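**Q** below is the structure, and that's it, no one-letter string:
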């Protein structure tokens, strides 16, 4: 093998190796990012249950409710051991009414961390994970759709190829063929044997 052929072979191998490394890496990253919001949601559900079991009960007073950019947030005050704390609660499925009180269970180690009686944790949790999950979905969907489109075309080519090797037969260009005399009469409306 000459040097030119060897370098050309290495170049072809490098072109084939890049997608073979990049595509699985992108798909793995997309799968991890798509999994992240589901895992975060499970952890938050566990934390909410633990707070209700072990947290300190208190009453939170809703002193303000605001909606910005289609996100509604309730602002609450509550007192623990003579100290007043203020925190926000994201309104997801339920939003407490302005000037109402909400039963909460506060973490014993972090007074800013609580769960409401309707299961909502304090603060705005999981936003970043939701965005990362959307990015993961795109990272998974785009390459897979591309593979289906490209792979589907190749599969169709294989299915329509000749059964014993070779590729599909290519149409041959053929010049005009004259019609036999008997057929010409029939084509004009006459009988074939006239």
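**A** Alright, I've got the coordinates. It should be emphasised that the depicted structure is a prediction, and the values quoted were computed from it without experimental measurement.
**Q** flag the shaky bits of this protein, pLDDT-wise.
**A** Filtered on pLDDT under 70, the chain yields the residue ranges 1, 8-20, 150-177, 179-194.
**Q** what helices and strands are in contact with the longest helix seen in it?
**A** Using DSSP state H, we find that the single longest helix of the chain is helix 3-54. Contacts defined by 3 or more Cβ pairs under 8 Å, 6 or more residues apart in numbering; DSSP states H and E place helix 3-54 against strand 101-106, strand 114-116, helix 127-160. Glycine gets a C-beta too; all of them are placed from N, C-alpha and C.
**Q** now with 7 Å?
**A** Helices and strands touching helix 3-54, by 3 or more Cβ pairs under 7 Å, 6 or more residues apart in numbering; DSSP states H and E, are strand 114-116, helix 127-160.
**Q** got those as TSV, with mean neighbour count and distance to residue 101 columns?
**A** Formatted as TSV, the helices and strands packed on helix 3-54 follow (neighbours: other Cβ atoms under 10 Å; distance: least, Cβ to Cβ, whole Å):
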stretch	mean neighbour count	distance to residue 101
strand 114-116	24	11
helix 127-160	13	27
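**Q** from what I can see residue 125 touches residue 44, true?
**A** Yes: counting by Cβ atoms under 7 Å, residue 125 sits close enough to residue 44 to count as a contact (5.9 Å).
**Q** next, the contact list for the residue nearest to the spatial centre of the chain, please.
**A** Nearest to the mean C-alpha position of the chain, by Cα atoms, centre = their mean, lies residue 137 at 1.7 Å. Neighbour list for residue 137: residue 34 [criterion: Cβ atoms under 7 Å, 6 or more residues apart in numbering].
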